[in-house]
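Trainee: Fold the following.
(chains A, B, C, D, E and F)
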There are 4 protein chains.
Amino acid sequence: MTEARPLRADAARNRELLLTAASQEFAERGFDVSIADIARRAGIGKGTVFRHFPTKDHLISAIVIDRVVTLTEAGEHLLDAPDAGAALLRFLTTAARELRRLDPSFLTSAEDPTAEVVQTQQRLYATVHALVDRARGQGDLRPDVTGTDVVALMCTPNHVAGCLPNASPDLWQRYLGIIFDGLRPQGAHPLPHPPPLPL
Amino acid sequence: MTEARPLRADAARNRELLLTAASQEFAERGFDVSIADIARRAGIGKGTVFRHFPTKDHLISAIVIDRVVTLTEAGEHLLDAPDAGAALLRFLTTAARELRRLDPSFLTSAEDPTAEVVQTQQRLYATVHALVDRARGQGDLRPDVTGTDVVALMCTPNHVAGCLPNASPDLWQRYLGIIFDGLRPQGAHPLPHPPPLPL
Amino acid sequence: MTEARPLRADAARNRELLLTAASQEFAERGFDVSIADIARRAGIGKGTVFRHFPTKDHLISAIVIDRVVTLTEAGEHLLDAPDAGAALLRFLTTAARELRRLDPSFLTSAEDPTAEVVQTQQRLYATVHALVDRARGQGDLRPDVTGTDVVALMCTPNHVAGCLPNASPDLWQRYLGIIFDGLRPQGAHPLPHPPPLPL
Amino acid sequence: MTEARPLRADAARNRELLLTAASQEFAERGFDVSIADIARRAGIGKGTVFRHFPTKDHLISAIVIDRVVTLTEAGEHLLDAPDAGAALLRFLTTAARELRRLDPSFLTSAEDPTAEVVQTQQRLYATVHALVDRARGQGDLRPDVTGTDVVALMCTPNHVAGCLPNASPDLWQRYLGIIFDGLRPQGAHPLPHPPPLPL
DNA sequence: GATGAATGAGAATTCATTCAT
DNA sequence: CATGAATGAATTCTCATTCAT
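Mentor: Numbering: from 1, shown residues only, chains lettered A, B, ... in the order given. Coordinates of the predicted model:
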């Protein structure tokens, strides 16, 4: 689903180094880091980056897609869990861990999204919607919250933690706790704005 | 401690035009907009921007400081309000409206913060802490949430709304509602991570 | 027809330096010279080139257009000359002098030609066709040669001379003489291939 | 003086594939095509290209030399033809067909020409001079034209045709016809510039 | 020998910043 | 003071060439 021809051993290793370095740089410093910095961190040449990904955007896409697919698969497994509320919370925990600062806006706002991007997106959305519907159905989620809301909220815990310097690396868990409490039906106040259009 | 020399009338007017234009550009397109675009929008020359602010970062600082001061003053006024919970909510509403995409991380993460930056920051933090303490004291806020948490959460509603393409300009209100519900004491679940160090 | 707002004195001077340097570099080394080389030769910064012309192609266009317009105007004046054959020869002499190695293929093969490019082209073609028709009408040109042929032949003398190392700078005149003799009706042999499509 | 060691069968085959592909690419798209494109067209690896030719320039040289040798041999055969004028025309026809866009300027303008290059060049020049002398001697060529002139004119027909977009692949024949008429003694006008130095 | 992955010099282009007008 | 022209560092991307497999 991702690879076609088997990569040579060294190329595969470099690809991993590259993806790791890029992931970290993107997570730490956002998508504006230069390819040169990524290459340096990966310990490979600048040109090698472009051999693996024809464009910086392709690299970003690949990383985001990889994370999103992992996340989506985790979500799909959670659809079987008996406790739908706990499943949603676990999903959001995984989301925060996987996505870090790679907010899905990159997926949604790509200029001319690849078929792969579109499909990845939709699979994610469908999964989130299903998780949300189940949780709502079991009374574990406030009724006025939609799947699209939850998609938008996925990266929030990291973003909040990122606002604080010297934050502990797990601080996001705290904010996920707060936000998830805001999503529970108990003590929910009516929301002042209608839900966003579905993606 | 702050600059005091009176500006010539036209210079003062240009400064206003510039600040307005920069505010809007930053809010709409982030800090990556070019100085040229800002100058064009302000209807002034690029060089004039640098006469008023020696550096793009200084301009950003000035804008952020301006917003933060406005916000802080609003917060200070709200310290008198009888209903501390409502006051905090009103404060966060103002914060979302004022700050848009200018998250305070710019303040907290500046390389070598000016005295002015530091002071602005601290006045804001003090105010938020006071608002938070009052709300907590009145039982309107869950007891395990700190002022620092609320500082970090200030920009969240905008950030969430920004994850959705074609979002209504007021969509942040919806997410503020959710988050604020998460901050209420009713139905709060214990948080899995201790609070961050105070700023 | 070329400029709109009057340029500042120094900018105008730099523009001239730039156009001159670019002309020479293009003429001597073809369109592949780097912008850096052109800037160096002009004694200006690389960035300045892009202030004057948003793109390398725009610079090339500007130069070619300038030359072609000059040439076209010369051609238009020659339409009044009594001796149409001599007029055509004089036109081709001017063409060789003006165009050097900037063959019109740049005009004809631009990706998405500007309105200005298209218009410049067409004015040139119309002029050449008129000159050719007049010369043919007066019996100074072999009847099987078209205006399009002459357009294509315009840069030939320079190209031939360019094949020889250490050629005298006026050597092209020799090859224009030979080619022009080939265009005369006297002793013309039937051509083995039909004329090209009109441009 | 030329390499003699026998190539392994497959290596010899690859060399042929490479030369063919490179010839075609150079002829169709000029010397700027990338080695990668040539290798792809030849169906061999990029590295193989460099095993056969240490440098892109060496490859170009080899191609040009190959063509020029072929052409020279054709010319040498034509020295026996009874009609020297027709022989020269046939030679120029072959030249246009063989050289396409590979103008001899590559030979003459190489940085530090190989012994092989020099020798190839000189054998060509000698042949052209001989053909020209014979033709002139038989009264089939204007007396003021030299062998060097003809060398320089060899690629002209292709160059002219190349100035027109969508030209028929044989359009060069038309321009060879015109140029050859310009080389005939009938109706020749005195040339305005002395002949170039012999090569 | 053949292959294609890796490399880094160089190209076009952008943009914060400086400085002549 | 205001302006916008000039500058060069930094960025993305290409491609000849080298080298591990």
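
Trainee: Give me the neighbour count for the residue of chain A found nearest DNA strand E.
Mentor: Per CB to the nearest atom of the strand, A:Gly47 is where chain A lies closest to DNA strand E, at 2.0 Å. Backbone N, C-alpha and C define where each C-beta goes, glycine included. Using other CB atoms under 10 Å in any protein chain shown, A:Gly47 is surrounded by 9 other residues.

Trainee: mean confidence for the helix or strand hosting it?
Mentor: A:Gly47 is part of helix A:46-52 when elements are defined by DSSP states H and E. What helix A:46-52 shows for mean pLDDT is 95.

Trainee: what sits up against that helix?
Mentor: Outside helix A:46-52, the residues that touch it by CB atoms under 8 Å, 6 or more residues apart in numbering or on different chains are A:Ala11, A:Asn14, A:Arg15, A:Leu18, A:Ile35, A:Ala36, A:Ile38, A:Ala39, A:Ala42, A:Leu59.

Trainee: That one near DNA strand F at all?
Mentor: Yes. Using CB under 7 Å from any atom of the strand, helix A:46-52 reaches DNA strand F at A:Lys46, A:Gly47, A:Phe50.

Trainee: tell me the angle whichever strand or helix holds A:Tyr175 makes with helix B:172-183.
Mentor: Counting by DSSP H and E, the element that carries A:Tyr175 is helix A:172-183. Calculated by axes from the mean of the first three to the mean of the last three CA atoms, to 10 degrees, helix A:172-183 forms an angle of 100 degrees with helix B:172-183.

Trainee: Run the chain-centre distance for helix A:172-183.
Mentor: On the basis of CA atoms, centre = their mean, to the nearest Å, helix A:172-183 sits 17 Å off its chain's mean C-alpha point.

Trainee: Does A:Leu79 touch A:Arg134 like I think?
Mentor: Yes. Taking CB atoms under 8 Å as the definition, A:Leu79 is a contact partner of A:Arg134 at 7.0 Å.

Trainee: who has more neighbours, these two?
Mentor: More neighbours surround A:Arg134 than the other of A:Leu79 and A:Arg134, with 19 against 13 (other CB under 10 Å).

Trainee: Domain ranges for chain A, per the record?
Mentor: Annotated domains of chain A cover A:8-52, A:56-183 [automatic domain parsing].

Trainee: Extract the CA atoms of the helix holding A:Gly47 and return them as CSV.
Mentor: Extracted in CSV, the C-alpha atoms of helix A:46-52 (Å, rounded to 0.1, in the frame of the first residue of the first chain):
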residue,chain,number,x,y,z
LYS,A,46,20.9,17.3,0.4
GLY,A,47,20.5,15.6,-3.0
THR,A,48,19.6,12.3,-1.4
VAL,A,49,16.5,13.9,0.0
PHE,A,50,15.3,14.8,-3.4
ARG,A,51,16.1,11.4,-4.7
HIS,A,52,13.7,9.9,-2.3
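
Trainee: and the next element down the chain from that helix?
Mentor: Tracing the chain past helix A:46-52, the next element assigned as helix or strand by DSSP H and E is helix A:56-78.

Trainee: can you tell if that following helix touches DNA strand F?
Mentor: Yes. For helix A:56-78, a contact with DNA strand F is found by CB under 7 Å from any atom of the strand, at A:Lys56, A:Asp57.

Trainee: Which secondary structure elements does that helix sit against?
Mentor: On a contact count with 3 or more CB pairs under 8 Å, 6 or more residues apart in numbering or on different chains; DSSP states H and E, helix A:56-78 meets helix A:9-29, helix A:35-42, helix A:84-99, helix A:105-109, helix A:115-137.

Trainee: what pLDDT, on average, does the first one get?
Mentor: Per-residue pLDDT values over helix A:9-29 give a mean of 91.

Trainee: Is it in proximity to chain D?
Mentor: No. Contact of helix A:9-29 with chain D (CB under 8 Å from any CB of the partner chain) is absent, the minimum separation being 14.7 Å.

Trainee: Distance from the chain centre to that helix, please.
Mentor: Here the centre of helix A:9-29 is set off from its chain's centre by 17 Å, with CA atoms, centre = their mean.

Trainee: Buried residues, it. List them.
Mentor: Under the neighbour-count criterion of 16 or more other CB atoms under 10 Å in any protein chain shown, helix A:9-29 has A:Asn14, A:Arg15, A:Leu17, A:Leu18, A:Leu19, A:Ala21, A:Ala22, A:Ser23, A:Glu25, A:Phe26, A:Ala27 buried.

Trainee: which SS class is the residue in chain A that chain C sits nearest to?
Mentor: In chain A, the residue found nearest to chain C is A:Asp112; the distance is 18.8 Å by CB to the nearest CB. Of the three states, A:Asp112 takes coil according to DSSP: H, G, I helix; E, B strand; the rest coil.

Trainee: what about it, how many neighbours?
Mentor: Other residues near A:Asp112 come to 6 when the count uses other CB under 10 Å.

Trainee: what do you get for A:Arg41?
Mentor: Neighbours of A:Arg41 under the rule other CB under 10 Å: 17.

Trainee: again, but for the one 4 residues further on
Mentor: Residues within reach of A:Gly45, counting by other CB under 10 Å, total 13.

Trainee: what's the answer for the one 4 residues further on, then?
Mentor: The burial metric for A:Val49, expressed as a neighbour count using other CB under 10 Å, is 21.

Trainee: Quickly note the distance from it to chain B.
Mentor: Using CB to the nearest CB, to the nearest Å, A:Val49 is found at 22 Å from chain B.

Trainee: I'd assumed A:Asp103 was in contact with A:Gly30.
Mentor: No. A:Gly30 lies out of contact with A:Asp103 (CB under 8 Å); the separation is 10.2 Å.

Trainee: These two: who's more crowded?
Mentor: Ranked by neighbour count (other CB under 10 Å), A:Gly30 and A:Asp103 place A:Asp103 first, with 22 against 11.

Trainee: and the more buried one, what element?
Mentor: Going by DSSP H and E, A:Asp103 is not in any helix or strand.

Trainee: What's the separation between A:Leu131 and DNA strand F?
Mentor: Distance of A:Leu131 to DNA strand F, given as CB to the nearest atom of the strand, to the nearest Å: 35 Å.

Trainee: A:Ala74 now?
Mentor: 31 Å.

Trainee: Next, the contact list for that residue, please.
Mentor: A:Ala74 neighbours (CB under 8 Å, 6+ apart): A:Phe91, A:Thr94, A:Glu98.

Trainee: sorry, back to before: residues bridging contact with A:Leu79 and A:Arg134, i.e. touching both?
Mentor: Shared contacts of A:Leu79 and A:Arg134 (CB under 8 Å, 6+ apart): A:Ala87.

Trainee: so who does the closest residue to A:Arg101 other than its chain neighbours touch?
Mentor: Using CB to CB, 6 or more residues apart in numbering or on different chains and skipping the chain neighbours, the partner closest in space to A:Arg101 is A:Ala27 (5.3 Å). Applying CB under 8 Å, 6+ apart to A:Ala27 gives the contacts A:Arg100, A:Arg101, A:Leu102.

Trainee: go on, A:Leu19?
Mentor: A:Ala62, A:Ile63, A:Asp66.

Trainee: If you rank these by neighbours, which is first?
Mentor: Ranked by neighbour count (other CB under 10 Å), the contacts of A:Leu19 have A:Ile63 at the top, with 22 neighbours.

Trainee: State the distance from it to DNA strand F.
Mentor: For A:Ile63, the distance to DNA strand F equals 14 Å [CB to the nearest atom of the strand].

Trainee: Over to A:Glu16?
Mentor: From A:Glu16 across to DNA strand F, the span is 15 Å (CB to the nearest atom of the strand).
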